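[1] Sharing a model that was predicted from the sequence below.
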Amino acid sequence: MTEILRRFHPADDAVLVIEAPREIAHESADTLRVTVERHVPDRDDAALVLDLSGVRMISSIGVAALLQIREFCRDRGVPFALAGLPAEQQRFLEMLRLGDKFTLAPDVDEAVSALRAQ
């Protein structure tokens, strides 16, 4: 089973930061989705940042998981951003015409700032 690391942002304890695995595919995609669903704080000021800086591959199943996470957050009113998405993975999302479906930031701190500015 894939271990998913999570922590609260040091400057804002309502922001859950989840570090995505190197490959978001079959088993890891489901684990990532379940981790989000179980650990997003149940509070009005909650937000989620997925740290994708270590991701080297996203499969179609991984893309589906990211969209499910986006929908989960939207349904709960939880701002959501992707941080540190490598250029190759960003091009992949853009090729699928999904680049504008996500708030993207170069790193976790920028993602938190972008979410709080919304």
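    That came through, no problem.

[2] Select the longest helix from the chain.
    With secondary structure taken from DSSP state H, the chain has its longest helix at helix 60-76.

[3] how about that helix: buried residues?
    Within helix 60-76, the residues scored as buried using 16 or more other CB atoms under 10 Å are Gly62, Val63, Ala65, Leu66, Gln68, Ile69, Arg70, Phe72, Cys73. The way it works is simple: take the backbone N, C-alpha and C, and place the C-beta from them, glycine included.

[4] pLDDT (mean, whole number) over it?
    Taken as a whole, helix 60-76 carries a mean pLDDT of 96.

[5] Assign the residue nearest to the spatial centre of the chain to helix, strand or coil.
    Closest to where the C-alpha atoms of the chain average out (CA atoms, centre = their mean) is Leu50, at 2.7 Å. For Leu50, the assignment made with DSSP: H, G, I helix; E, B strand; the rest coil gives strand.

[6] so what's it scoring on pLDDT?
    The model reports Leu50 with a pLDDT of 97.

[7] Show the contacting residues for it.
    Ile18, Ala20, Leu32, Val36, Leu66, Ile69, Phe80, Ala81, Leu82, Ala83 (CB atoms under 8 Å, 6 or more residues apart in numbering).

[8] Which one of the residues you listed is nearest to Gln89?
    Nearest to Gln89 among the contacts of Leu50: Leu82, at 9.2 Å, using CB to CB.

[9] Got the phi and psi for that closest one?
    Main-chain dihedrals, Leu82, degrees, to the nearest 10: phi -100, psi 130.
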